[in-house]
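Student: When you get a sec, could you give me coordinates for this:
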Amino acid sequence: PITIGSNLLSQRLFAFVFSGSGSMLANSMLIWALNLSANLVLALLLGVLQQGMLVAAIVPALGGERVNSGAALRAGLRSYPTLMLAGLLPVLLERLIAATASDLLSPLTLLAYGAQFALSDPLRLCTGVMLLPFAVAASALYGQLALYVAAIVFERRGPFAALRRSWELTHGARAQAMLLVLLGKGLLYVFAVLPWSLLSFTILRLNLGVTVLGVMGIVSISAGQHT
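Tutor: Numbering: from 1, shown residues only. Now for the predicted structure:
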């Protein structure tokens, strides 16, 4: 659902940019804000539940136990309210990192859609460059808080106690945690976003339609995430 919702949202927002009557710069800034807000809401509503279920399924499997999908679903649903409260700050940090990466890759994305390199493109690129130090700092902080999911699902801690527990668990491994976050984001864009951009470029040049573009985008991003 997160991949479908995010993909459909991106399709509609890009269509709005290229068909709207406003200036390219104003439309681009509006889309940046709407995209960040919508993805933040999607991540809070669905992403934390997904992470809770994933952790509940994977951790026992690492110990050699059989994966129980039903138990993982129940564990995620049971912890859902706490995960949402604890995830407010980590999800915001993660979305900031993703938004910065999106700004840095905006020329490539718009090129796939056949857009000219307009004024908004270098501005978005400059925005991404300016936000890059903050994104690195956000990656460091996110890496120290990311274990809140396991603290909630397995240790039944409250939202603030889970964040504190994650901070304690990553003590002495701050740099490694930050590098893991940056590496994960980098791999996601290599295996998901870049193939999606190439597919978008090909599909639009062949005039296969927005529906085909949306379906292939979902397949491409999902395959990249699993990779």
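
Student: Can you show me the helices along this protein?
Tutor: 2-19, 24-42, 48-62, 69-86, 88-104, 106-112, 120-145, 148-155, 159-169, 174-188, 194-205, 210-226 (DSSP state H).

Student: Could you list every helix and strand in contact with the fourth one?
Tutor: So that's helix 69-86. Using 3 or more Cβ pairs under 8 Å, 6 or more residues apart in numbering; DSSP states H and E, the elements in contact with helix 69-86 are helix 48-62, helix 148-155, helix 159-169. (Glycine included, C-beta is placed from N, CA and C.)

Student: List the buried residues of the longest one.
Tutor: Of the residues in helix 48-62, those with enough neighbours to count as buried (16 or more other Cβ atoms under 10 Å) are Val48, Leu49, Gln51, Gly52, Met53, Val55, Ala56, Ala57, Pro60.

Student: want to throw the helices and strands packed on helix 69-86 into JSON lines with distance to Leu77 and mean pLDDT?
Tutor: Shown next, in JSON lines, are the helices and strands packed on helix 69-86 (distance: least, Cβ to Cβ, whole Å; pLDDT from 0 to 100):
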{"stretch": "helix 48-62", "distance to Leu77": "7", "mean pLDDT": "86"}
{"stretch": "helix 148-155", "distance to Leu77": "11", "mean pLDDT": "92"}
{"stretch": "helix 159-169", "distance to Leu77": "17", "mean pLDDT": "93"}
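
Student: In JSON lines: those, plus distance to Leu96.
Tutor: Putting the helices and strands packed on helix 69-86 into JSON lines (distance: least, Cβ to Cβ, whole Å) gives the following:
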{"stretch": "helix 48-62", "distance to Leu96": "16"}
{"stretch": "helix 148-155", "distance to Leu96": "17"}
{"stretch": "helix 159-169", "distance to Leu96": "17"}
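
Student: nearest to Val190, of those helices?
Tutor: helix 48-62 (21.2 Å; Cβ to Cβ).

Student: which outside residues touch that closest one?
Tutor: Applying Cβ atoms under 8 Å, 6 or more residues apart in numbering, the set of residues contacting helix 48-62 from outside is 2, 66-69, 71-73, 75-77, 79-80, 83-84, 87, 91, 149-150, 152-154.

Student: Low-confidence bits of this protein, can you list those?
Tutor: 1-32, 105-125, 127, 193, 196-227 (pLDDT under 70).

Student: ok, how many other residues are close to Ala138?
Tutor: The number of residues packed near Ala138 is 21, by other Cβ atoms under 10 Å.

Student: what sits against it?
Tutor: Applying Cβ under 8 Å, 6+ apart to Ala138 gives the contacts Leu93, Glu94, Leu96, Ile97.

Student: One more: Pro133?
Tutor: Listed by Cβ under 8 Å, 6+ apart, the contact set of Pro133 is empty.

Student: try 10 Å
Tutor: Thr100 (Cβ atoms under 10 Å, 6 or more residues apart in numbering).

Student: Likewise for Thr100?
Tutor: Applying Cβ under 10 Å, 6+ apart, the residues near Thr100 are 127-136, 138-139, 185.

Student: Name the nearest residue to it, ignoring sequence neighbours.
Tutor: Using Cβ to Cβ, 6 or more residues apart in numbering and skipping residues adjacent in sequence, the residue nearest Thr100 is Ala135, 4.0 Å away.
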